[in-house]
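Q: 3D, please:
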Amino acid sequence: MVKEIERAGIPVAHITNMVDVARVIGSNRIIPGVAITNPCSDSSLPVDDQLAMRRDYMMRAVTAISTDVEEQTFF
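A: Residues are numbered from 1 along each chain as shown. Purely as a prediction, here's the structure:
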């Protein structure tokens, strides 16, 4: 899906803990995640820390989609 959305001209930030898969499929903006079940947070952390972690991931995603890239880039 990432490649098709990008092909339509819409920038995509791919948040995943399966970075190797993202690299193979050709995702341009890769953000390494925490876990398969919860890529943007660590459920073992206190709730406030989880919220801060999610906010950080969303800010990284906003930065990623606002950055022009020509090749695979990690944010």
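
Q: quick one, what contacts residue 29?
A: Going by CB atoms under 8 Å, 6 or more residues apart in numbering, residue 29 touches 11, 12, 13, 14, 64, 65, 67, 69, 73, 75. Where you see a C-beta, it was placed from the backbone N, CA and C, and this is true even at glycine.

Q: so which pair among those is furthest apart in space?
A: 14 and 67 (13.5 Å; CB to CB).

Q: more neighbours: which of these two?
A: Neighbours were counted for residue 14 and for residue 67 using other CB atoms under 10 Å; residue 14 has more, 28 against 13.

Q: so who does the more buried one touch?
A: Contacts for residue 14 (CB under 8 Å, 6+ apart) come out as 2, 22, 27, 29, 30, 31.

Q: which one of the contacts of residue 29 sits closest to residue 37?
A: Nearest to residue 37 among the contacts of residue 29: residue 14, at 17.0 Å, using CB to CB.

Q: all helices for this structure, in order.
A: Using DSSP state H, the helices of the chain run over residues 2-7, 19-25, 47-65.

Q: lowest pLDDT pick from the contacts of residue 14?
A: By pLDDT, residue 2 ranks lowest within those, coming in at 89.

Q: just checking, that one touches residue 24?
A: No. Counting by CB atoms under 8 Å, residue 2 does not reach residue 24; the two are 11.6 Å apart.

Q: more neighbours: these two, which one.
A: Comparing residue 2 with residue 24 by other CB under 10 Å, the one with more neighbours is residue 2, at 17 against 9.

Q: return the distance of the more buried one relative to residue 46.
A: Per CB to CB, to the nearest Å, residue 2 is found 32 Å from residue 46.
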